[in-house]
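Peer 1: Let's see this in three dimensions:
(2 chains)
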2 protein chains.
Amino acid sequence: MSIELEEVSHAVRETQYAVRGPIVARAAELERQGKRIIYCNIGNPQSLGQRPLTFVRQVLALSEYPELLEGPAAATFPEDARAAARLVLRESAHGLGAYTESKGYRFVRQAVADFVHERDGIPADADHVFLTDGASKGVQSVLRLLVDGPKDGVMIPIPQYPLYSASITLLGGAQVPYTLDEAKEWSLSRDSLETAYAEAVKSGIRVRAIVVINPGNPTGAVLDEKNVEMVLDFAKARGLSVLADEVYQENVYRSGARFVSFAGVLVRRGITDVSLFSFHSVSKGFLGECGHRGGYFECRNVPGDVMAQIEKLQSVALCANSAGQIVIWIMVRPPRAGEPSFALYDRERRDILESLRRRAATLEKGLNAVRGMHSNSIAGAMYAFPRVDLPPGVTDSAYCLALLEETGICVVPGSGFGQLPGTFHLRTTILPPPDEIETVVRRIAEFHAAYLKAKSSPARV
Amino acid sequence: MSIELEEVSHAVRETQYAVRGPIVARAAELERQGKRIIYCNIGNPQSLGQRPLTFVRQVLALSEYPELLEGPAAATFPEDARAAARLVLRESAHGLGAYTESKGYRFVRQAVADFVHERDGIPADADHVFLTDGASKGVQSVLRLLVDGPKDGVMIPIPQYPLYSASITLLGGAQVPYTLDEAKEWSLSRDSLETAYAEAVKSGIRVRAIVVINPGNPTGAVLDEKNVEMVLDFAKARGLSVLADEVYQENVYRSGARFVSFAGVLVRRGITDVSLFSFHSVSKGFLGECGHRGGYFECRNVPGDVMAQIEKLQSVALCANSAGQIVIWIMVRPPRAGEPSFALYDRERRDILESLRRRAATLEKGLNAVRGMHSNSIAGAMYAFPRVDLPPGVTDSAYCLALLEETGICVVPGSGFGQLPGTFHLRTTILPPPDEIETVVRRIAEFHAAYLKAKSSPARV
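Peer 2: Below is the predicted model of the structure:
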């Protein structure tokens, strides 16, 4: 007998991942039928016209095909791109075609450590850094370490990025949801953490770790130093490890807000008894190099024998892809003032971030102008997660599907991220190009008015 | 409290992966101390001097940095490399920086289907192909699908490539080992399969699938059509899925031997009730592009709803890296006769394969000339797995460690792959360059003689 659905492992069947779920599948179907779709379901900047940074691609091209360094083409590359490629070839020892160390290239891990040192003013150790195929794979490895059975719980925010719920389900562990306060800009309170923790313990769950996404996906909230301190104090009091998803650390738009890293606060407060795993990625920020699947995580207060277990885990699938590791390297060690590529790199970087900031503002303002829709401020990350007031009997899934069919705009229903019962949301990215984001806002507004009108006058249905 | 080793999940702690295990760690340590190490522990061709194929790297460079297609450098690339890169940019729609479909680029999956069609003369469907970060990640996904709990068993050969044992352990499933017959060139018999199956069933195991590695890792054996038929008949009789690890399909050296795919035999025999997953990779063959982590698997007799579960599983970590997908594309759709790059590609291909063939022969002959060592013929793949006669009280781990310390040659003990009790082996790759493989053989012979002499004259220890 061939395998049947009923024989597929329960964990797989129970896993949900709405960011690429049924509504997205329907969008692809409509696209094949000729409908123009605006994909606002996923933070995939280059699919919506964002251009890669020149220096990144120059170094990749030269590293892939070192013959370019010698031939007549060499002169078309700036000197620092050529120097960077030579460094890649020397430090990798065998070029991009060989397996790297299981933890990733040593020189890239050292550059990550230097980056953390410079960013936070704290010591950092290359041996505590693991390079991964995107941050997602790193998150899955750390969760694999922590979850041993159905009674092992991991605290995740509600709303959350469904990588977490999906991975915990796949590992057969328990999700321990804590609620972000929508009425207070999706803020995080000790009360909410303690309530969630107590409830889990009461159900016999052994809580192992807490996940914090900062800047927040899908919420767009940015934590301040006090928030981060509070989470670390809580983790310390409850003996939890902390998974800090910091992939949007470059994406802070609200003036006055700034990114505060968990590692920085941990070290400044001298906390030595909370294990911290911080994740970063080349997919977000201003690089948007999603396809290259480059990520890393840095461990703090994790003993050597536990890191050896992580290394073993990484080694089973050998190593992260080499090109993605190189993109990580450029992200943490970009051209500097005085170097030939600095001006261009810096301009490209600022243009992208400034454009994202403007689009976030346009979206936030536009959504809040829709009667029956409310968006908290998009302080950071790449998303809006507005509350949508819906008439009885309608779900956000039905609403998002209708929005797609009607307007071609593909967003993800709030149910895919988690929300308080009786509330409905949608997640849309801020990523459509500047002219298109206006269209998105206008069409959502028109659709919403028409949809509500139709639903509230049964005679017309 | 920081996390402690005792808190790491049992599955992780119990996982073993000798190919990058303690002996390899010791080798790295010795290397840092200045000792010259010859790494024969892993099939990593480019780390031992094999050069990437020119066309592969040209297309990657152009796809990473499309500006090369327009500028003065364009003329330094052959026309078909430029055409291939243009196709990549067109078909990917957004270049290598965007997430691909969860299953991988459609045009690459179509090329895989065409390749299978051409190789085996059977119909093939792009929708049944999944692109992965190396074959390893694909294997882990399929096992994730099949293993639901500790009573779910997967049959694996002994000796096997430890990806399988490690992944089954990580998933909390049961390994069901079946024995290859060393006395008959590591051949595979129905008796051995039935014995293993019956024993597992007796222990309450629900056997779900059988893994076959062909050409064999670490054995070097190549299955003939009858063998493949036998495995499929067995799988059919017992209701098992088949995982066919065919990553060494280009690596067949023995004259008269040829690669026979499971898919071809399945279709030719009209078997419609055995689910088959066949794995392939850019890391082996003659490309040896390990660092790029490109792989695929093709499903046969797997219903649509089950494939949808696989797609969901893939989507949680979004997609395989884009560059690796492009290398897969070139592997399955290389330059053809009449195209500008054909002559060079073909010469590079033949040179590498011919050199591997010669090195396999040198190694086999050399090992068999050592008294107390016996290697079956290296008909395919990239390894020798000789039996080593050791004096009482000595393990192959101790032997391999001593070999490393004494000679700098890093091999993996047979215990990492599984072997019959009381027998000892080592696995070495055939990959050191031609001049060095002679050195490897000579040093192993010298070491072996000295080691045995020392161990058998206790007075000298």
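
Peer 1: mind listing the helices for the stretch 1-150 of chain A?
Peer 2: For the stretch 1-150 of chain A, applying DSSP state H, counting those that start in this stretch gives helices covering A:10-14, A:22-32, A:54-64, A:79-92, A:106-120, A:134-146.

Peer 1: tell me which residues in the longest helix anywhere in chain A are buried?
Peer 2: The residue-count maximum for a helix in chain A (DSSP state H) belongs to helix A:342-368. Under the neighbour-count criterion of 16 or more other C-beta atoms under 10 Å in any protein chain shown, helix A:342-368 has A:342, A:345, A:348-349, A:352-353, A:355-357, A:359-364, A:366-367 buried. The way it works is simple: take the backbone N, C-alpha and C, and place the C-beta from them, glycine included.

Peer 1: and the helices of the stretch 1-150 of chain A as JSON lines, adding distance to A:S456, mean neighbour count and mean pLDDT?
Peer 2: Below are the helices of the stretch 1-150 of chain A laid out as JSON lines (distance: least, C-beta to C-beta, whole Å; neighbours: other C-beta atoms under 10 Å in any protein chain shown; pLDDT from 0 to 100):
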{"stretch": "helix A:10-14", "distance to A:S456": "36", "mean neighbour count": "16", "mean pLDDT": "85"}
{"stretch": "helix A:22-32", "distance to A:S456": "23", "mean neighbour count": "15", "mean pLDDT": "88"}
{"stretch": "helix A:54-64", "distance to A:S456": "51", "mean neighbour count": "26", "mean pLDDT": "98"}
{"stretch": "helix A:79-92", "distance to A:S456": "59", "mean neighbour count": "18", "mean pLDDT": "96"}
{"stretch": "helix A:106-120", "distance to A:S456": "51", "mean neighbour count": "20", "mean pLDDT": "97"}
{"stretch": "helix A:134-146", "distance to A:S456": "41", "mean neighbour count": "25", "mean pLDDT": "95"}
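
Peer 1: quick one on the thing from earlier: tell me what the longest helix of chain A is packed against?
Peer 2: Helix A:342-368 sits against helix A:54-64, strand A:373-374, strand A:383-384, helix A:434-456, with contacts defined as 3 or more C-beta pairs under 8 Å, 6 or more residues apart in numbering or on different chains; DSSP states H and E.

Peer 1: May I have the residues that are in contact with the residue nearest in space to the middle of chain A?
Peer 2: For chain A, A:V247 is the residue whose C-alpha lies nearest the centre (C-alpha atoms, centre = their mean; 5.1 Å). Counting by C-beta atoms under 8 Å, 6 or more residues apart in numbering or on different chains, A:V247 touches A:A135, A:F279, A:H280, A:S281, A:S283, A:K284, A:G285, A:G295.

Peer 1: Could I get the average pLDDT for the host helix or strand of A:A209?
Peer 2: Here A:A209 is covered by strand A:206-213, with elements defined by DSSP states H and E. The average pLDDT within strand A:206-213 is 97.

Peer 1: Quick one: the strands in the stretch 251-400 of chain A, in order.
Peer 2: Assigned by DSSP state E, counting those that start in this stretch, the strands in the stretch 251-400 of chain A fall at A:276-281, A:295-300, A:373-374, A:383-384, A:387-388.

Peer 1: hmm, back to that, B:E79: which of the helices of the stretch 1-150 of chain A is closest?
Peer 2: helix A:54-64 (18.3 Å; C-beta to C-beta).

Peer 1: list the helices and strands the closest one packs on?
Peer 2: Under the contact definition 3+ C-beta pairs under 8 Å, 6+ apart, helix A:54-64 sits against helix A:79-92, helix A:322-332, helix A:342-368, helix B:54-64.

Peer 1: Show me the contact partners of it.
Peer 2: By C-beta under 8 Å, 6+ apart, the list of residues contacting helix A:54-64 from outside reads A:68-69, A:77-78, A:80-82, A:84-85, A:88-89, A:95-96, A:287, A:289, A:323, A:326-327, A:330, A:334-335, A:341, A:344-345, A:348, B:57, B:60-62, B:64-65, B:67-68, B:323.

Peer 1: hmm, back to that, now the strand holding A:A209: how far from the chain's centre is it?
Peer 2: 17 Å (C-alpha atoms, centre = their mean, to the nearest Å).

Peer 1: Is the helix or strand following that strand in proximity to chain B?
Peer 2: The first helix or strand that comes after strand A:206-213 along the chain, using DSSP H and E, is helix A:225-238. No - Helix A:225-238 lies out of reach of chain B by C-beta under 8 Å from any C-beta of the partner chain, never closer than 8.9 Å.

Peer 1: buried sites along helix A:225-238?
Peer 2: A:N227, A:V228, A:E229, A:M230, A:V231, A:L232, A:F234, A:A235, A:K236, A:R238.

Peer 1: again, but for stretch A:271-279
Peer 2: Buried positions in stretch A:271-279, judged by neighbour count with 16+ other C-beta under 10 Å: A:I271, A:V274, A:S275, A:L276, A:F277, A:S278, A:F279.

Peer 1: got a list of what A:T100 touches?
Peer 2: Contacts for A:T100 (C-beta under 8 Å, 6+ apart) come out as A:S92, A:L131, A:C319, A:A320, A:S322, A:Q325, B:G291.

Peer 1: Now distance to B:V207 too, for those, in a markdown table please.
Peer 2: Shown next, in a markdown table, are the contacts of A:T100 (distance: C-beta to C-beta, whole Å):
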| residue | distance to B:V207 |
| --- | --- |
| A:S92 | 43 |
| A:L131 | 37 |
| A:C319 | 32 |
| A:A320 | 33 |
| A:S322 | 38 |
| A:Q325 | 39 |
| B:G291 | 36 |
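
Peer 1: and those residues, which are buried?
Peer 2: Buried residues within these, counting neighbours by 16+ other C-beta under 10 Å: A:S92, A:L131, A:C319, A:A320, A:S322, A:Q325, B:G291.

Peer 1: for those, which one is nearest B:S2?
Peer 2: When the buried ones among the contacts of A:T100 are ranked by distance to B:S2 (C-beta to C-beta), A:L131 comes first, at 22.6 Å.

Peer 1: quick one: contacts for the residue nearest to the closest one when sequence neighbours are not counted?
Peer 2: Spatial nearest neighbour of A:L131, chain neighbours left out: A:G104 (2.6 Å); criterion: C-beta to C-beta, 6 or more residues apart in numbering or on different chains. A:G104 sits next to A:V129, A:F130, A:L131, A:T132, A:Y296, A:C319, A:A320, A:Q325, A:I328 when contact means C-beta under 8 Å, 6+ apart.

Peer 1: Done for today, thanks.
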